[in-house]
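[1] With the sequence up front, the predicted model follows.
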Amino acid sequence: MPLKRLRVLVVDDEPLARRVLLDGLDLVENIQVVGEADNGETALQQIGRLQPDLVLLDVQMPAMDGFQVIRRLKGPLPAIVFVTAYSEYALDAFEVGAVDYLLKPVSEDRLGMAVDRARRARRRPRESALRVERTLAALEGRETRTVAKLVARRGLDYYLLDLDDVYALQADGEIVWILTSRRKFRAVHSLGRLEERLRGTQFQRVHRSVLVNTNRIRKMSALSSRRWLLILTNGLKFIVSKRRAPLVRDLLL
């Protein structure tokens with residue numbers, strides 16, 4: 001008996017991230033993508049109107065994150081697969097009833113596996129509960145990741161970069177570059193989104209288009225009473241804007 005087509009909604013605030021998921025779903029059999037949303041409010045509207053079988057839901061979204069979307073849903077839940085760049089969100093995902101979670105960058109094989117789990121969960125509710133139990137057991141005792149990674153793209157490949165390896169992030173129009181000691185990668189998030197994710201880390205905005213890893217600053221030179229030149233350990237140079245100068249000075253001096 002042929003499988004029923006699974007109706008899927010893709011939710012992520014980043015266009016590139018949605019494109020990756022949509023391209024991956026093109027390779028999965030018996031899938032019908034019924035829509036996509038770029039924020040939590042639109043996701044709620046789409047779920048209510050389209051009644052998807054499965055929602056691929058980004059965890060980190062501004063204004064309303066993926067968990068808040070689930071809490072505001074009314075009526076029977078569709079199967080939920082959370083998509084996140086941080087593995088520590090997995091436990092929270094299962095607590096609100098997700099059948100699986102995907103770590104960015106999402107591979108085609110892993111996406112197909114999550115879709116298969118969603119199919120089985122819709123047919124067998126008890127199996128979904130058992131899967132949660134097994135997954136929690138597998139995650140128990142793993143070392144908690146205290147340093148987040150940044151998802152970066154170079155050509156058709158995606159990389160997970162440790163924060164210590166990133167020297168700066170620089171916006172060039174719509175493109176954001178992740179700069180390491182010798183190479184640069186294209187970010188998959190906007191600079192504002194990256195600043196939000198990196199709040200509380202060693203990264204500091206020094207200009208409207210630049211975030212700098214303060215651990216990689218080798219030298220600061222005063223260009224005037226309110227302007228500074230930063231030189232990083234790999235030779236990269238950035239001018240601190242007048243607006244940001246007091247923050248950087250207080251942080252580093």
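    Looks like it came in fine.
[2] How about the residue nearest in space to the middle of the chain, nearest residue that isn't a chain neighbour?
    Ranked by distance to the mean C-alpha position of the chain (Cα atoms, centre = their mean), the top residue is Ala85 at 4.3 Å. Distance criterion Cβ to Cβ, 6 or more residues apart in numbering; nearest residue to Ala85, sequence neighbours excluded, is Lys104 at 4.5 Å. Placement of C-beta: from N, CA and C, glycine included.
[3] tell me the phi and psi of that neighbour?
    When quoted as degrees, to the nearest 10, the phi and psi of Lys104 stand at phi -80, psi 140.
[4] And the pLDDT at it?
    At Lys104, the pLDDT value in this model is 83.
[5] what residues are up against it?
    The contact partners of Lys104, taken as Cβ atoms under 8 Å, 6 or more residues apart in numbering, are Ala17, Val83, Thr84, Ala85, Val151, Tyr158, Val188.
[6] and the first one, helix, strand or coil?
    By that I understand Ala17. Secondary structure state of Ala17, per DSSP: H, G, I helix; E, B strand; the rest coil, is helix.
[7] ok, now the one 3 residues further on?
    Secondary structure for Val20, judged by three-state DSSP, is helix.
[8] Can you show me the helices along the stretch 51-200 of the chain?
    66-72, 89-95, 108-123, 125-139, 191-197 (DSSP state H, counting those that start in this stretch).
[9] mean pLDDT lowest for which of these?
    Across the helices of the stretch 51-200 of the chain, the lowest-scoring stretch is helix 125-139, with a mean of 45.
[10] For Arg110, see how far away Val81 is.
    Going from Val81 to Arg110 by Cβ to Cβ, to the nearest Å gives 10 Å.
[11] More neighbours: which of those two?
    Val81 (24 against 14; other Cβ atoms under 10 Å).
[12] Next, the contact list for Ala118, please.
    Leu6, Asp53, Leu54, Ala79, Val81, Val99, Asp100.
[13] And Val28, by the same measure?
    Here Val28 is in contact with Leu111, Gly112, Val115 (Cβ under 8 Å, 6+ apart).
[14] With distance to Ala171 added, can I get those residues in a markdown table?
    Listed next are the contacts of Val28 as a markdown table, based on distance: Cβ to Cβ, whole Å:
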| residue | distance to Ala171 |
| --- | --- |
| Leu111 | 29 |
| Gly112 | 34 |
| Val115 | 35 |
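[15] which residue packs closest to Arg208, ignoring adjacent ones?
    Ser241 is the one closest to Arg208 (Cβ to Cβ, 6+ apart), at 6.7 Å.
[16] residues near that neighbour, how many?
    17.
[17] separation between it and Leu198?
    Ser241 is 18 Å from Leu198, by Cβ to Cβ.
[18] just to revisit the earlier point, can you tell me which of the contacts of Val28 has the most neighbours?
    With neighbours taken as other Cβ under 10 Å, the top of the contacts of Val28 is Val115, carrying 24 neighbours.
[19] Who are the contact partners of that residue?
    Leu6, Val8, Leu25, Val28, Ile31, Leu54, Val81.
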